[in-house]
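> Let me see the structure of the following:
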Amino acid sequence: MKAVKRVCLGLAIMLGISFSIPGTAPAKTIKWKMASSWPKGTMVQWAADEFARTVNAMSGGRLEIKSYAAGVLVGALEVTDSVRMGTIDVAHCSPGYQMGKLPAAPLFAYIPFGMDAVPYMTWFYDNDGMELYKELYKSYDLGFVAPCGVLPTEDLAWSNKPIKTMDDFKGLKFRTSGYWGEVLSRAGASVMMLPAGEIYEALQRNILDAGEFSIPSMDKDLSFNETAKYLLVPGIHQISTITDITINKRSWAKLPDDLKEIVKVAAQSVTMRMLTHCINEDIKALAFFKEKGVQIEYLSPEIQKELAKEADKLLDEKAAKDPFFDKVLKSQRDFRAGYANYKKLMTPAYQ
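Residues are numbered from 1 along each chain as shown. Sure thing, here's the model as predicted:
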């Protein structure tokens with residue numbers, strides 16, 4: 001009996017010593033709330049959820065991010081302001097949604113005849129992009145900002161009328177937004193903005209002649225193929241689209257350096273994962289549309305060139321009014337000139 005007591009006492013002492021060793025106490029979990037601008041079930045919300053899942057796994061549970069779709073905690077267009085106020089810790093949105101307050105914001109998200117995903121992310125990560133991007137958000141006084149997802153090229157339009165000449169845009173009732181809406185207005189279209197959930201019915205009831213929302217796989221989820229005869233490609237209006245995370249200043253300051261690094265790496269990881277995941281799903285979606293009898297039309301290169309000229313004029317006009325816009329646009333154009341030369345020299349031509 002005495003031997004048993006001695007063993008128990010020894011175990012108790014050993015346990016006491018182990019819990020008293022510095023660094024052995026379990027770390028306290030930091031919990032963050034993240035709200036997005038995206039509806040539940042969409043590819044963009046997948047990216048937000050994947051970011052939260054990746055951080056949670058990489059941190060071993062030390063940083064726990066709860067991801068909420070648009071409208072659950074705050075409205076889709078309120079997420080960035082909610083981060084600034086500290087209502088939530090993280091927002092998953094797109095810089096383009098800040099266009100009303102930051103005129104240059106679309107240059108970091110999507111513009112007509114912009115870059116496709118690979119050069120766009122190269123400009124961001126290894127050229128001037130990241131420093132200019134931080135400068136864009138400087139007035140918001142945030143803790144951390146970073147790209148967190150990139151979409152490949154969108155569909156240009158779902159239409160019940162063929163679009164084969166520039167004249168076909170005249171009077172066309174077209175759903176779109178942003179700078180592309182301004183370009184189409186110059187081409188004579190009647191542009192209107194509708195939420196994604198209203199596009200299907202508007203096409204069905206001929207309130208719209210044509211409209212665009214996103215990439216093939218997301219448009220498939222919204223069943224646009226059931227209500228429009230033609231699918232017009234390629235998406236010259238959004239050749240690629242950047243989504244991002246913005247993090248509250250106080251929330252970021254409370255993180256130890258290793259968790260900050262995990263957040264940074266997770267955002268980069270999700271950016272690549274979103275791109276490849278979307279491309280794979282888009283391949284299947286385009287095959288699905290063809291199987292269902294959708295007439296997939298490739299917009300005439302001549303029309304693309306005409307619209308590109310209008311887009312360049314529009315961007316030049318905006319640059320003339322805003323020095324920061326001008327600086328970013330110049331940086332992108334300089335990079336694109338170098339990339340075009342690189343691509344010309346390094347792209348095989350055996351096919």
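> which residues does the spatially most central residue of the chain contact?
Nearest residue to the geometric centre of the chain (CA atoms, centre = their mean): residue 243, 2.2 Å. The contact partners of residue 243, taken as CB atoms under 8 Å, 6 or more residues apart in numbering, are 44, 47, 92-94, 147-151, 274. Every C-beta, even on glycine, is put in place using the N, C-alpha and C of the backbone.
> Could you pick out which of those are located in strands?
Among these, DSSP state E puts 92-93, 147-151 in strands.
> what's the closest of the residues you listed to residue 128?
residue 147 (14.1 Å; CB to CB).
> So that closest one is in contact with residue 124, correct?
Yes. Using CB atoms under 8 Å, residue 147 is in contact with residue 124, at 5.8 Å.
> Which residue comes closest to residue 196 once chain neighbours are left out?
With sequence-adjacent residues excluded and distances taken as CB to CB, 6 or more residues apart in numbering, residue 196 is closest to residue 213, at 5.3 Å.
> Using the three-state scheme, assign that neighbour.
What DSSP: H, G, I helix; E, B strand; the rest coil gives for residue 213 is coil.
> show me what contacts it?
Taking CB under 8 Å, 6+ apart, one finds 154-155, 175, 196, 199, 219, 222, 224 in contact with residue 213.
> how far away is the residue lying closest to residue 139 once chain neighbours are set aside from residue 323?
Among residues not flanking residue 139 along the chain, residue 102 sits closest, at 7.9 Å (CB to CB, 6+ apart). Residue 102 sits at a distance of 13 Å from residue 323 (criterion: CB to CB, to the nearest Å).
> neighbour-wise, which of these two wins?
residue 102 (21 against 10; other CB atoms under 10 Å).
> got a list of what residue 271 touches?
121, 147-150.
> hmm, which two among those residues are most spread apart?
Top of the distance list for the contacts of residue 271 (CB to CB): 121 and 148, 11.7 Å.
> Who has more neighbours out of the two?
The residue with more neighbours, out of residue 121 and residue 148, is residue 148; 26 against 21, by other CB under 10 Å.
> For residue 64, pull up the helix or strand it's in.
Element membership for residue 64, per DSSP states H and E: strand 63-68.
> elements contacting that strand?
strand 30-36, helix 43-58, helix 257-291 (3 or more CB pairs under 8 Å, 6 or more residues apart in numbering; DSSP states H and E).
> please redo it, this time with the cut-off set to 7 Å
Under the contact criterion of 3 or more CB pairs under 7 Å, 6 or more residues apart in numbering; DSSP states H and E, strand 63-68 touches strand 30-36, helix 43-58.
> How far off centre is it?
18 Å (CA atoms, centre = their mean, to the nearest Å).
> List the buried residues of that strand.
Using 16 or more other CB atoms under 10 Å as the test for burial, strand 63-68 gives 63, 65, 67-68.
> Downstream of that strand, the next helix or strand is which one?
By DSSP H and E, the next helix or strand past strand 63-68 is helix 79-85.
> So, low pLDDT: which residues of the chain?
Counting by pLDDT under 70, the ranges of the chain that qualify are 1-27.
> do that again at 50, thanks
Applying pLDDT under 50 to the chain picks out residues 1-25.
> what about the helices in it?
Secondary structure of the chain by DSSP state H: the helices cover 2-20, 43-58, 79-85, 117-126, 129-136, 178-186, 196-204, 216-221, 249-253, 257-291, 301-321, 323-346.
> So for the shortest one, what gets flagged as buried?
In other words, helix 249-253. Neighbour-count burial for helix 249-253 [16+ other CB under 10 Å]: 251-252.
> Pull the residues that contact that helix.
32, 86, 89, 141-144 (CB atoms under 7 Å, 6 or more residues apart in numbering).
> what about the closest residue to residue 281 other than its chain neighbours, how many neighbours?
The shortest distance from residue 281 to any non-neighbouring residue, by CB to CB, 6+ apart, is to residue 217 (3.8 Å). Using other CB under 10 Å, residue 217 is surrounded by 22 other residues.
> Now do the contacts for residue 217.
Residues in contact with residue 217 (CB under 7 Å, 6+ apart) are 43, 278, 281-282, 285.
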